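> dropping the sequence and predicted coords here.
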Amino acid sequence: MIIQLTIVFVCGYFIFNKLNNNENLDFTVFYQNLIKNDVFSFKNLLFLIFLSFLNWFLEIKKWHLLVQSISKSSFFDATKQSLASLTASLITPNRIGEYGAKALFFDKTIRKKIVTLNFVGNIHQLFATLFFGVLGCIYFFWNLDLQIALNMILYSFFGTILSVFLGFVLWKYILKNKNYFHPFAIKISKKTHWKVSVLAFLRFVIFTHQFYFLLFIFKVDISYLDAITAISAMYLCSSVIPMLSLFDVVLKSSIAVIIFSFLQVNSLTILTITTSMWVLNFVVPAIIGSYFVVTFKPKLAL
């Protein structure tokens, strides 16, 4: 219980700290900007919350499908595991703590397989980000400033090649050490892979359009195609940089400001939107997850 409360306290402190002590974000200005643009209207807020709910429903459904390969967990169990592991992983680079957090909810005999399942789910989501992000960067290459766009696409290409290369090296290493990695091995049906892949692509579409809806609320005068490709490029660039999840808002804000500056979008508006996205899709679920961290009893036996 002490460990669980410590995780919740630390995550809560960092969330509060990021919202109040970010040099790039004046919380008073942030709040006034939201009020000014009527973001807090019941209709807009309800739709934004619905998109966040849909985003996390798809993420939880992905995990539920994967974990069915070895355990008959309910959808509610998958919800607790996903949200609690989100809370526990916020203070780790690229949410790597999620692997260990989810494993603790299962028997010792299958924990290593749970790590593999979580890895598979994240790879599917990364592939969706790479697919749409590369398309977004290509659009920038052809339609915006040549040198800047070229740098972006080269950066994205490098990140993609590096990810594929590291994946290949890891795969070769696993093949050479089959006996050691045998506990991690698990057979996942092609049908499950396809379903998880579709959910990952749908999830990417959902949160990019949530970002676009916020642009619409703030009356940003850019075309739909410009907006979606810029958002996709932003998520690609931010996904290949190791970063504590709690500082994810700073990373995405910085990249978003750079990308949208070429579309003549006000920096404060972009900072407000990226912070709103962070609150809706990370802070709120993490708060809910903190309840599961405190009340759920993971199987801690070694």
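Nice, I can see it.
> so which bits of stretch 208-216 are buried?
Buried residues in stretch 208-216, counted by 16 or more other Cβ atoms under 10 Å: Thr208, His209, Gln210, Phe211, Tyr212, Leu214, Leu215. The way it works is simple: take the backbone N, C-alpha and C, and place the C-beta from them, glycine included.
> cool, stretch 190-208 as well?
Here stretch 190-208 shows 192, 195-197, 199-201, 203-208 as buried, counting by 16+ other Cβ under 10 Å.
> now the element after the particular helix or strand that has Lys252 in it, going C-ward?
Using DSSP states H and E, Lys252 sits in helix 248-261. Counting by DSSP H and E, the next helix or strand C-terminal to helix 248-261 is helix 267-278.
> orientation of that following helix relative to helix 248-261 in degrees?
140 degrees (axes from the mean of the first three to the mean of the last three Cα atoms, to 10 degrees).
> element containing the residue lying closest to Ala84 once chain neighbours are set aside?
Leaving aside its chain neighbours, Ala84 sits nearest to Phe292 (4.0 Å; criterion: Cβ to Cβ, 6 or more residues apart in numbering). Element membership of Phe292 [criterion: DSSP H and E] is helix 284-295.
> in that helix, what's buried?
So, applying 16+ other Cβ under 10 Å, buried residues of helix 284-295: Pro285, Ala286, Ile287, Ile288, Gly289, Ser290, Phe292, Val293.
> same for that helix, what does it pack against?
helix 2-20, helix 42-67, helix 75-89 (3 or more Cβ pairs under 8 Å, 6 or more residues apart in numbering; DSSP states H and E).
> so for the last one, what gets flagged as buried?
Right, helix 75-89. Buried residues in helix 75-89 (16+ other Cβ under 10 Å): 77-89.
> now for it, which elements pack on it?
Using 3+ Cβ pairs under 8 Å, 6+ apart, helix 75-89 is in contact with helix 2-20, helix 42-67, helix 97-103, helix 284-295.
> what's that helix in contact with?
7-8, 11, 56, 59-61, 63-64, 67, 73, 95-98, 101-102, 105, 245, 282, 285-286, 288-290, 292-293, 296 (Cβ atoms under 8 Å, 6 or more residues apart in numbering).
> next, the contact list for the residue nearest to Ala84, please.
Here Phe292 is in contact with Lys80, Leu83, Ala84, Thr87 (Cβ under 8 Å, 6+ apart).
> average model confidence for stretch 266-278?
Mean per-residue pLDDT for stretch 266-278: 84.
> export it as PDB, just CAs?
Output of stretch 266-278 as PDB, limited to C-alpha atoms (Å, rounded to 0.1, in the frame of the first residue of the first chain):
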ATOM      1  CA  ASN A 266      -0.300  31.400 -33.100                       C
ATOM      2  CA  SER A 267       2.100  29.700 -30.600                       C
ATOM      3  CA  LEU A 268      -0.100  30.300 -27.600                       C
ATOM      4  CA  THR A 269      -3.000  28.600 -29.400                       C
ATOM      5  CA  ILE A 270      -0.800  25.500 -30.100                       C
ATOM      6  CA  LEU A 271       0.500  25.400 -26.500                       C
ATOM      7  CA  THR A 272      -3.000  25.600 -25.200                       C
ATOM      8  CA  ILE A 273      -4.200  22.800 -27.500                       C
ATOM      9  CA  THR A 274      -1.300  20.500 -26.700                       C
ATOM     10  CA  THR A 275      -1.800  21.000 -23.000                       C
ATOM     11  CA  SER A 276      -5.500  20.400 -23.300                       C
ATOM     12  CA  MET A 277      -4.800  17.100 -25.200                       C
ATOM     13  CA  TRP A 278      -2.400  16.100 -22.400                       C
END
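> so which bits of that stretch are buried?
Leu268, Thr269, Ile270, Leu271, Thr272, Ile273, Thr274, Thr275, Ser276, Met277, Trp278.
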